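> coords please:
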Amino acid sequence: MTNTNNKNTANERRKFSRILFDAHVELAQGEFHWRASLLDISLKGLLLQQTLPAEVNPNQPVLVKILLSDNTCIAMSVTVAHQHHNQTGLVCASIDIDSVSHLRRLIELNLGDAAAAERELSELISDY
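Just a heads-up that it's a prediction; the model follows:
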């Protein structure tokens with residue numbers, strides 16, 4: 001018997017292109033702040049090259065800031081999707097309009113296709 005939840009999760013992952021993107025990420029939960037390395041990012045979430053520090057509650061939202069340049073960043077609230085193999089998958093719970101614009105542009109530049117980036121953004125919006 002096939003687990004339909006795993007199938008649905010795999011299909012959902014394929015809706016959004018994962019962009020390999022090497023960047024430093026600042027994270028915060030309550031008064032606790034830490035840094036991590038970004039492996040990849042999509043409109044749906046991101047993958048970090050580390051597991052969460054012991055001080056972090058994986059059942060509570062985490063604020064993420066991805067530094068693109070000195071004055072540009074992508075900020076979002078995320079929840080923990082998984083942790084294994086020294087990596088943490090985070091799912092975007094909320095994101096502001098400026099950050100969505102920066103993220104869309106980043107994906108567009110990496111895909112080399114504005115129409116594909118627009119389709120992914122439309123897919124994301126239809127999920128909510």
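> Let's verify Asn110: helix, strand, or coil?
Taken by DSSP: H, G, I helix; E, B strand; the rest coil, the conformation at Asn110 corresponds to helix.
> Tally up the residues packed near it, please.
Here the neighbour count serves as a burial measure; for Asn110 (other Cβ atoms under 10 Å) it reads 15. For glycine as for every other residue, the C-beta is placed from the backbone atoms N, C-alpha and C.
> Would you map the helices across the chain?
Taking DSSP state H as the test, the helices found in the chain are 4-15, 97-111, 114-127.
> pLDDT below threshold where in this protein?
Under the criterion pLDDT under 70, the flagged ranges of the chain are 1-17, 113-128.
> now do 80
Per-residue confidence of the chain (counting by pLDDT under 80) places the weak regions at 1-21, 69-70, 107, 110-128.
> quick one: the residue positioned nearest the centre of it from Ala54, how far?
In the chain, the C-alpha closest to the average C-alpha coordinate belongs to Gly45, at a distance of 2.1 Å (Cα atoms, centre = their mean). Between Gly45 and Ala54 the computed distance is 22 Å (Cβ to Cβ, to the nearest Å).
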